[in-house]
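Enquirer: prediction below, plus the sequence it came from.
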Amino acid sequence: VDGLFFNNGVLMTNKAIYDIDYNGRHIDTGKWPSNSITFSPRFGFTYDVFGDKSLKVRGGTGLFSGRLPLVFFTNMPTNGGMVQYQAQINAANAAKKGFTMDEFAGGMMTDIETMKNKLNQLGYPMDITPEQGAAPSSICGVDPDFKMPQVWKTSLAVDYQLPVSFPFTATVEGIFNKTINGVSISDWSIPDVGGFARFNGVDNRPIYPAGFRTGTKAFVLENTSRGYGWSGNVTLTAQPAEYLSLMAAYTHTVSKEVTGMPGSAAESAFTYVPTSEGPNNIKLHNSQYVTPDRVVASATIHDKCGNHYSLIYETWRGGYNYSYMMGNDINSDGYNYDAIYVPTDDEVGVGSGKFRFVSEDDKQRFMDYVHQDSYLKKHQGEYAEAYSVYSPWVHRIDFSYKHDFKLNIGKTKHTLQLSLDVKNLTNLFKSSWGVMKYLNPAIGSEARILKYEGVDAEGYATFSTPSSIHGNTETWVPNHAIVQCWYASVGVKYMFN
């Protein structure tokens, strides 16, 4: 059981904000969400199928609760227009208030109450009422029914002891997650795009008209039940000899979400998710914080002299992930995070066709790039999914050596362990080995591979292709950073019992 309780005594309603009508809804920045109790029941089991531990089936299901970074709550009072007041006093500002800097003659004031009394005497406010509030340029609110994050998680696994002469276990496990209370932000000032005009052609996203907002920007923290994920894992562990331990595992992970809240300020968290219809209409997409594929294998050898040798091999795909976007805010929503539509070969044209370029050269270079890119060529005829362009596989080997010096004194066993660890060992022998790849800087820090150039007389959006994009453009290049290099560490550990 988890409880979420707030103290409204530290807040005050800003009447100027509350009076703004957002299609029948009002934002009260003087109230936190309602106090709530969250129940998280869980059930788990383990079943020994044959009674000899050779085959076990285990699993469970239940609700799991957590919390989000509390900075998302503080956005509301910080931007409520009722908390902070900055008194910047200099000769010019003093003249506007009708006094001079001589008021502060006589030495530095170090007592807070003395400072407050002085400022009060000079006409600076010490308190405020709801009626004195003013609407800021943007408002941050929290839905009155907001609840902390909660997911439903179900897992099922099978552990099988293979019938060989040494310990050899195979484990297969699957986990499924369904969002119950996810976290998202919406702007209440943006109306439904259903009534907006749209482009002609296959990229028929809505066009936001001038002055589309119904009031001051209002970023409201809300819950969403949209989202799910699953992972599958296969693990093999074996000890073919007393001195040798082996392990290998593969994990595939999928996570679909509305937003990963990529920012601490409300508007940045609202903005930085590429979409085709505007940030109030985000489609489910791959999480930006997931590595979809990972393989790990290790071998450890021990001897009777206190030596331990380990080799760890690890490979993964998707250490970096990007979104294919365009430049120039095609839908005029004020946010330049627009996902591209990937046209098919039959849809493209110049002056005609369902997807139009401004020149034959722009069309040719873009389609040549599409045909050689592993993501784009598989998603022609679709909008590019956010955070779904994964960096290629990287392979690394780590080495570890440890030696134990043991000494028994009375009933106490003392162990001094010296260790040498080498990370990314193969990079020691060749500088290109074990190095991750990231987005080609020639493309940019963001994958903006298309540029909106306006609408033609027939209502079709027209596009150009950046000069860096063509059939020979490499999407991925090695990341020449210090963290990609091999390194070694020497350690000492003292243990006793």
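Expert: Okay, I see it.
Enquirer: how far away is residue 158 from residue 58?
Expert: 8 Å (C-beta to C-beta, to the nearest Å). Bear in mind the C-beta positions are built from the backbone N, C-alpha and C, glycine included.
Enquirer: ugh, wrong one, I meant residue 367
Expert: When distance is defined by C-beta to C-beta, residue 367 is 51 Å away from residue 58.
Enquirer: and if you look at residue 66?
Expert: Between residue 66 and residue 58 the distance is 24 Å, computed by C-beta to C-beta.
Enquirer: what residue ranges in the stretch 251-400 of the chain score low on pLDDT?
Expert: For the stretch 251-400 of the chain, no stretch has pLDDT under 70.
Enquirer: residue boundaries of the strands in it?
Expert: 285-286, 293-302, 307-317, 321-322, 325-327, 338-339, 341-342, 348-350, 355-357, 382-383, 389-390, 394-409 (DSSP state E, counting those that start in this stretch).
Enquirer: let's have those in CSV, adding distance to residue 231 and mean neighbour count.
Expert: Output for those, formatted as CSV (distance: least, C-beta to C-beta, whole Å; neighbours: other C-beta atoms under 10 Å):
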stretch, distance to residue 231, mean neighbour count
strand 285-286, 13, 23
strand 293-302, 10, 16
strand 307-317, 14, 16
strand 321-322, 17, 21
strand 325-327, 28, 21
strand 338-339, 26, 24
strand 341-342, 28, 26
strand 348-350, 38, 17
strand 355-357, 37, 24
strand 382-383, 25, 18
strand 389-390, 16, 22
strand 394-409, 20, 15
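Enquirer: got a markdown table for these, with distance to residue 228 too?
Expert: Converted to a markdown table, the strands of the stretch 251-400 of the chain look like this (distance: least, C-beta to C-beta, whole Å):
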| stretch | distance to residue 228 |
| --- | --- |
| strand 285-286 | 12 |
| strand 293-302 | 19 |
| strand 307-317 | 21 |
| strand 321-322 | 18 |
| strand 325-327 | 25 |
| strand 338-339 | 21 |
| strand 341-342 | 25 |
| strand 348-350 | 34 |
| strand 355-357 | 32 |
| strand 382-383 | 20 |
| strand 389-390 | 19 |
| strand 394-409 | 28 |
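Enquirer: just to revisit the earlier point, tell me which of residue 367 and residue 58 has more neighbours.
Expert: Comparing residue 367 with residue 58 by neighbour count (other C-beta atoms under 10 Å), the higher total belongs to residue 367, at 20 against 16.
Enquirer: for the more buried one, give its distance to residue 349.
Expert: 11 Å.
Enquirer: now do residue 467
Expert: Residue 467 is 21 Å from residue 349, by C-beta to C-beta.
Enquirer: again, but for residue 44
Expert: The gap separating residue 44 from residue 349 is 59 Å, by C-beta to C-beta.
Enquirer: do residue 480 as well
Expert: 40 Å.
Enquirer: and what of residue 341?
Expert: Using C-beta to C-beta, residue 341 is found at 14 Å from residue 349.
Enquirer: for residue 117, same thing?
Expert: Counting by C-beta to C-beta - residue 117 and residue 349 are separated by 74 Å.
Enquirer: element containing the residue lying closest to residue 58 once chain neighbours are set aside, please.
Expert: With C-beta to C-beta, 6 or more residues apart in numbering as the criterion, residue 58 has its nearest non-adjacent residue at 4.3 Å, and that residue is residue 46. In this assignment (DSSP states H and E), residue 46 forms part of strand 42-48.
Enquirer: identify all contacting residues around that strand.
Expert: The contact list for strand 42-48, computed with C-beta atoms under 8 Å, 6 or more residues apart in numbering, reads 55-64.
Enquirer: parallel or antiparallel, list what pairs with it.
Expert: strand 55-65 (antiparallel) (DSSP bridges).
Enquirer: what number of residues lie near residue 319?
Expert: Residues within reach of residue 319, counting by other C-beta under 10 Å, total 16.
Enquirer: list the contacts for it?
Expert: Residue 319 is in contact with 291, 391, 394, 436, counting by C-beta under 8 Å, 6+ apart.
Enquirer: outside of stretch 410-425, which residues touch it?
Expert: In contact with stretch 410-425 (C-beta under 8 Å, 6+ apart) are residues 396-408, 428, 434, 484-497.
Enquirer: for stretch 7-14, buried residues please.
Expert: Going by neighbour count (16 or more other C-beta atoms under 10 Å), the buried part of stretch 7-14 is 11-14.
Enquirer: what mean pLDDT does it have?
Expert: Stretch 7-14 shows a mean pLDDT of 83.
Enquirer: CA atoms only: put that stretch into PDB for me.
Expert: Extracted in PDB, the C-alpha atoms of stretch 7-14 (Å, rounded to 0.1, in the frame of the first residue of the first chain):
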ATOM      1  CA  ASN A   7      -0.200  19.900   2.100                       C
ATOM      2  CA  ASN A   8      -2.200  22.600   0.400                       C
ATOM      3  CA  GLY A   9      -1.300  25.100   3.200                       C
ATOM      4  CA  VAL A  10       1.900  26.100   1.300                       C
ATOM      5  CA  LEU A  11       0.000  27.000  -1.900                       C
ATOM      6  CA  MET A  12      -2.400  29.900  -2.900                       C
ATOM      7  CA  THR A  13      -4.800  30.100  -5.700                       C
ATOM      8  CA  ASN A  14      -4.000  32.500  -8.500                       C
END
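Enquirer: how distant is it from the center of its chain?
Expert: Remark: stretch 7-14 is offset 31 Å from the chain centroid, using C-alpha atoms, centre = their mean, to the nearest Å.
Enquirer: swap in stretch 356-374?
Expert: On C-alpha atoms, centre = their mean, the centre of stretch 356-374 falls 30 Å from the chain's centre.
Enquirer: by contact count, what packs against the one helix or strand residue 155 maps to?
Expert: Assigned by DSSP H and E, residue 155 belongs to strand 150-161. Here strand 150-161 touches strand 55-65, strand 168-187, going by 3 or more C-beta pairs under 8 Å, 6 or more residues apart in numbering; DSSP states H and E.
Enquirer: go with 10 Å
Expert: If contacts are counted by 3 or more C-beta pairs under 10 Å, 6 or more residues apart in numbering; DSSP states H and E, strand 150-161 sits against strand 42-48, strand 55-65, strand 168-187, strand 228-241.
Enquirer: can you dump the C-alpha atoms of the longest one in PDB for me?
Expert: Extracted C-alpha coordinates of strand 168-187, given in PDB (Å, rounded to 0.1, in the frame of the first residue of the first chain):
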ATOM      1  CA  PHE A 168      23.900 -27.200 -16.500                       C
ATOM      2  CA  THR A 169      20.700 -25.100 -16.200                       C
ATOM      3  CA  ALA A 170      18.700 -23.500 -19.000                       C
ATOM      4  CA  THR A 171      16.200 -20.700 -18.000                       C
ATOM      5  CA  VAL A 172      13.600 -19.100 -20.300                       C
ATOM      6  CA  GLU A 173      11.700 -16.100 -18.900                       C
ATOM      7  CA  GLY A 174       9.200 -13.700 -20.200                       C
ATOM      8  CA  ILE A 175       7.900 -10.500 -18.500                       C
ATOM      9  CA  PHE A 176       4.900  -8.400 -19.700                       C
ATOM     10  CA  ASN A 177       4.200  -4.900 -18.400                       C
ATOM     11  CA  LYS A 178       1.000  -2.900 -18.900                       C
ATOM     12  CA  THR A 179       0.800   0.800 -17.900                       C
ATOM     13  CA  ILE A 180      -2.000   1.500 -15.400                       C
ATOM     14  CA  ASN A 181      -1.100   5.000 -14.400                       C
ATOM     15  CA  GLY A 182       1.600   6.400 -16.600                       C
ATOM     16  CA  VAL A 183       2.700  10.100 -16.700                       C
ATOM     17  CA  SER A 184       2.200  12.600 -19.500                       C
ATOM     18  CA  ILE A 185       1.800  16.300 -20.100                       C
ATOM     19  CA  SER A 186      -0.800  18.000 -22.300                       C
ATOM     20  CA  ASP A 187      -1.400  21.600 -23.200                       C
END
